[in-house]
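Peer 1: Predicted model and sequence below, questions to follow.
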Amino acid sequence: MQIPKVIVLAFSKTSKALSAIARETQAGAQVIVVSKDGEIPQGWQGKVAARRFEDYLTPEENDRINEGTMKFVARGLDYFRSHPELAPAHRGIPLWDIIHWPAFKLYVEVEKYATITDNLIRQERPQKIVIVAAPGDLMFWYDIEAVIQSGRMRKLASWLINSGGGTLADCTVGQVARSRGIPVSTIPASGPLWSHLGRFFALHLFPSLYRLFVRYAESRKRRLADPVEPGAGSANRPICLVTHSRGHVRVIAPIARQLLAEGHQALVVNVDGQLYYPARRALLAEGLAFKSYERYMTRDACYNTGVGAEKMLALWRKLEKDEAFLKSLDYRRLPLAEMARDRLYYMFALLFPEVIKHIERACNIIDMERPGAIVLVDDSSLMERSLALVARARSVPTIQTSFGLYVNLSVVGSIDRTAAWGQAVKDFLIEHGLAPADSIEITGDPGSEAAKKQVDGLAREDILARLNIAPDKKVVLFTSQAVQPPPVTVELRERLLRCVYNAIKELPDLHFIVKLHPGEGFDRHNQLRSEMALGNITVVKEWDLYELLKVCDVLISFHSGTAIEAMIMDKPVIAVKFSGRSDILPYAEKGAALGVTREQELVPAIQQVLLDDDVRQRLAAARAQFVLDYAGPQDGLAARRVADLALRMAQQSTGQRPCSARTGLS
């Protein structure tokens, strides 16, 4: 007699998961527990198999999903093409073109979960699937950590918001399994009372609280004195440069200084996060005058945003009852509108109003400042895409210069010209249809050139002394990562940190510097440091990256652009690749970095890079070519090339069409 096989999908490892496992094992079934980390819930004493959910997905499938889904979203919603009167828009700007990235992530998740479920069913051949529902994922658009800094309060708010139902993963697995004829039973994440309270908090109370918080944060920023007071424009049209992070300032600052040195006007518009001002502090440290983005939110802009928000809610109430629209969202024969209805509500209730606010500010920037051209570091954020599309509609040319990922995977073109750092980046953009060949110029990286020049005059011993590190120590720099799925999930980040901290313990003669990601906190690092009683480690967050690269002997990177910055500084790199996904650049594939795909490979890799001359020479040769291909010529002229490109485009532009002060509901 064949023993029935049951899959227990335990995304929520609560007592309900233990009860589900116990119930199925007592019934004589062979149980396989599938979870995010591949571990059995604590408290279970019996013998059951355990698997990681994402282990059922191959790296090749990951890449195929990303590319195929991007093309699907790029086509836009056919429904809106045939019903343009219902397409979300503001001032003639199609909002769907601006929020395509969240939409892309939504479809990617569905495609990934559906593929994993297909593979799981094919490999395990279960007779039944039991889903222990995790708390829901309504907090799709918001980073609780940016709003609530207290860890306990953040967990409480997240739990309240997400207690309304299962996640998109739960829904997708259930839908796919049922379509394959597999019986599915679902154990709810919470009782009916908490479920109703959670949905009320998420759909009604939290949006109101979030709007109040944003208004408070913006009013606080408006009260900060800018080095340059907002004006009504001038006869000479300036080049407008936009920053919204410390890294962006690093790229923009040398371009602005180059323009000013040549006697041109350079207007820096700075956008900071809610209550924290890293970009503002970086600009002040650079000695650059700038204007605050928030100051362009005039009374008329506030009125127009309110009108636009009302329009979006009215549109959603109409669309959520439109069967043709809901059916148009189906993907892989899955009812996406039913599975992600709350996410769609958030899109219309909160995301679109945020975009409308950006559009209003963009109109005011162009009306008040009359820029000849706008330089953006990338166009991946809502603010940047809004500004780029408004500028295009108003006949103001835009230039994008690379940062971080170096290759921007936008699916709706919004930038007129791209200042690519190197030939490989240009080839990638052309190959993937992301930009026409005649719109790309190779300029090099202004930020890394300026940063390298700045630290060239510093002595290694002086930097080490400020870090309290002995000058004779070999130094390993690790640039950590924040949770940013995909690919950096909570489980993958924990696996990475454990691996690195185990290496720190195994190599006590080396000193490790851990440079935190801007979106990362000290808590987990301090816990690991204390737990392992480590003394050969320094953890920093705000310290200048190029000073750390100057003193290190090797860099450990994980899906990070810091690897190429280390190569620019002629430092060997170890590229950790636990995720199974392609790295953001092919560091190891091109031989420019030593690749590590398993935990046990990290310590030998560090020893090889530090002690094996043949390995060091091989890496150095490949590194030089890689830098030329991906970061461009290192001749100190990158900022001048970008500045010249912006000036040429400003001379060719024909001026701007004005915005009306107030908009109506039409």
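Peer 2: Looks like it arrived, so ask away.
Peer 1: A helix includes residue 542, no?
Peer 2: No - under the criterion used here (DSSP: H, G, I helix; E, B strand; the rest coil), residue 542 is coil, not part of a helix.
Peer 1: give the contact list for it.
Peer 2: Counting by CB atoms under 8 Å, 6 or more residues apart in numbering, residue 542 makes contact with nothing. From N, CA and C alone the C-beta is placed, and that goes for glycine too.
Peer 1: now it: how far from residue 479?
Peer 2: 14 Å (CB to CB, to the nearest Å).
Peer 1: same check, this time on residue 631
Peer 2: Separation of residue 631 from residue 479 (CB to CB) stands at 17 Å.
Peer 1: just for the stretch 351-500 of the chain, where's the confidence low?
Peer 2: 403-413, 483-487 (pLDDT under 70).
Peer 1: all helices of it, in order?
Peer 2: 352-369, 382-393, 423-431, 446-456, 460-466, 490-506 (DSSP state H, counting those that start in this stretch).
Peer 1: can you redo these as a markdown table with mean neighbour count?
Peer 2: Formatted as a markdown table, the helices of the stretch 351-500 of the chain follow (neighbours: other CB atoms under 10 Å):
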| stretch | mean neighbour count |
| --- | --- |
| helix 352-369 | 24 |
| helix 382-393 | 25 |
| helix 423-431 | 17 |
| helix 446-456 | 20 |
| helix 460-466 | 14 |
| helix 490-506 | 18 |
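Peer 1: Using a markdown table, lay out those helices together with distance to residue 600.
Peer 2: Formatted as a markdown table, those follow (distance: least, CB to CB, whole Å):
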| stretch | distance to residue 600 |
| --- | --- |
| helix 352-369 | 45 |
| helix 382-393 | 42 |
| helix 423-431 | 32 |
| helix 446-456 | 33 |
| helix 460-466 | 30 |
| helix 490-506 | 9 |
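Peer 1: For residue 17, which of these is the nearest?
Peer 2: helix 490-506 (16.3 Å; CB to CB).
Peer 1: what helices or strands is the closest one leaning on?
Peer 2: strand 511-515, helix 523-531, helix 602-611 (3 or more CB pairs under 8 Å, 6 or more residues apart in numbering; DSSP states H and E).
Peer 1: just the ones you listed: most buried one?
Peer 2: Of all the helices and strands packed on helix 490-506, strand 511-515 has the most neighbours on average by mean count of other CB atoms under 10 Å, namely a mean of 24.
Peer 1: mind listing what that strand pairs with, with the direction of each?
Peer 2: Partners of strand 511-515 in the sheet, by DSSP bridges, are strand 475-479 (parallel), strand 537-540 (parallel).
Peer 1: what's that strand in contact with?
Peer 2: So strand 511-515 is contacted by 467, 469-470, 473-480, 500, 503-504, 525, 536-541, 543, 545, 548, 551-552, 562 (CB under 8 Å, 6+ apart).
Peer 1: Quick check: PyMOL command selecting the buried ones in these.
Peer 2: This is how PyMOL selects the buried members of the contacts of strand 511-515, with burial counted by 16 or more other CB atoms under 10 Å:
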select buried, resi 467+469+475+476+477+478+479+480+500+503+504+525+537+538+539+540+543+545+548+551+552+562
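Peer 1: Mind putting the helices and strands packed on helix 490-506 into JSON lines with distance to residue 35 and mean pLDDT?
Peer 2: Below are these laid out as JSON lines (distance: least, CB to CB, whole Å; pLDDT from 0 to 100):
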{"stretch": "strand 511-515", "distance to residue 35": "28", "mean pLDDT": "96"}
{"stretch": "helix 523-531", "distance to residue 35": "20", "mean pLDDT": "90"}
{"stretch": "helix 602-611", "distance to residue 35": "25", "mean pLDDT": "95"}
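Peer 1: With respect to residue 347, which of these lies nearest?
Peer 2: Of the helices and strands packed on helix 490-506, nearest to residue 347 by CB to CB is helix 523-531, at 31.7 Å.
Peer 1: Off-centre distance for that closest one?
Peer 2: Distance of helix 523-531 from its chain centroid, counting by CA atoms, centre = their mean, to the nearest Å, is 25 Å.
Peer 1: and what of stretch 298-308?
Peer 2: 29 Å.
Peer 1: Next: stretch 368-383.
Peer 2: So, by CA atoms, centre = their mean, the centroid of stretch 368-383 is 19 Å from its chain's centroid.
Peer 1: can I get the CA coordinates of stretch 352-368 in PDB?
Peer 2: C-alpha atoms of stretch 352-368 as PDB (Å, rounded to 0.1, in the frame of the first residue of the first chain):
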ATOM      1  CA  PHE A 352      -1.100  56.900  -7.300                       C
ATOM      2  CA  PRO A 353      -1.600  60.000  -5.000                       C
ATOM      3  CA  GLU A 354       2.100  59.800  -4.200                       C
ATOM      4  CA  VAL A 355       2.900  59.800  -7.900                       C
ATOM      5  CA  ILE A 356       0.500  62.800  -8.500                       C
ATOM      6  CA  LYS A 357       2.400  64.700  -5.800                       C
ATOM      7  CA  HIS A 358       5.700  64.100  -7.700                       C
ATOM      8  CA  ILE A 359       4.100  65.200 -10.900                       C
ATOM      9  CA  GLU A 360       2.900  68.400  -9.300                       C
ATOM     10  CA  ARG A 361       6.400  69.100  -7.900                       C
ATOM     11  CA  ALA A 362       8.000  68.300 -11.300                       C
ATOM     12  CA  CYS A 363       5.700  70.900 -13.000                       C
ATOM     13  CA  ASN A 364       6.700  73.500 -10.500                       C
ATOM     14  CA  ILE A 365      10.400  72.800 -10.800                       C
ATOM     15  CA  ILE A 366      10.200  73.300 -14.600                       C
ATOM     16  CA  ASP A 367       7.900  76.400 -14.300                       C
ATOM     17  CA  MET A 368       9.900  78.100 -11.600                       C
END
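Peer 1: From the rest of the structure, what touches that stretch?
Peer 2: The list of residues contacting stretch 352-368 from outside it, by CB under 8 Å, 6+ apart, reads 88, 90-91, 93, 95, 98-99, 230-233, 240, 269, 293, 296-298, 301, 304-305, 308-309, 312, 371, 382-383, 386-387, 390-391, 394, 396, 656, 658-659.
Peer 1: Can you select the buried ones from those residues in PyMOL?
Peer 2: Buried members of those, defined by 16+ other CB under 10 Å, are picked up in PyMOL with:
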select buried, resi 88+90+91+93+95+98+99+240+269+293+296+297+298+301+304+305+308+309+312+371+382+383+386+387+390+391+394+396+656+659
